[in-house]
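Participant: what follows is a predicted structure for the sequence shown.
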Amino acid sequence: MADPRHMLALARRLREGSLARDWDALAHTSRELAALLAPLAADQVRAPAERLALRELQQAHQQAHALCNTAAEQLQRALEELRAHKDGWMAYAAHGEMNESTT
């Protein structure tokens, strides 16, 4: 049986990491969550406190997962935008370098 307090602490850390957009903290908590859940998959009998904590943890994980997906999509769009305007950025940078060398 998993400790409900540990599950609730993980849920809190997932929410805090999500709010702070702390990707390193989310990755660390996600690995800890995977280690916690692996033995639970085979254990179908859970105490009421454990079921409630697991439900809370699942909700926090779903929210964190959705946030990560949204951030990844935003990053993908930003990268595509940069790639689309690469020539313009390179010309801008070259123009700046030319101005610096003439001063």
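Facilitator: Nice, I can see it.
Participant: distance-wise, check H65 relative to R15.
Facilitator: 12 Å (CB to CB, to the nearest Å). Any C-beta I mention is one placed from the backbone N, CA and C, and that applies to glycine too.
Participant: neighbour count winner among those two?
Facilitator: A direct count of neighbours by other CB atoms under 10 Å for H65 and R15 places R15 higher, at 18 against 14.
Participant: any idea which helix or strand carries the more buried one?
Facilitator: For R15, the host element (DSSP states H and E) is helix 4-20.
Participant: who touches that helix?
Facilitator: For helix 4-20, contacts defined as CB atoms under 8 Å, 6 or more residues apart in numbering pick out 22-23, 25-26, 29-30, 32-33, 36, 47, 49-50, 52-54, 56-57, 59-61, 63-64, 67.
Participant: just the buried members of those?
Facilitator: Those of the contacts of helix 4-20 that meet the buried threshold are 26, 29-30, 33, 36, 50, 53-54, 56-57, 60-61, 64, 67, by 16 or more other CB atoms under 10 Å.
Participant: export the residues you listed to TSV and append columns for distance to E100.
Facilitator: Shown next, in TSV, are those (distance: CB to CB, whole Å):
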residue	distance to E100
L26	41
T29	45
S30	45
L33	50
L36	55
E50	64
A53	59
L54	59
E56	56
L57	54
A60	50
H61	50
A64	44
L67	41
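Participant: what's around the closest residue to L26 other than its chain neighbours, how many residues?
Facilitator: Among residues not flanking L26 along the chain, G17 sits closest, at 4.2 Å (CB to CB, 6 or more residues apart in numbering). Other residues near G17 number 22, with proximity taken as other CB under 10 Å.
Participant: that'll do, ta.
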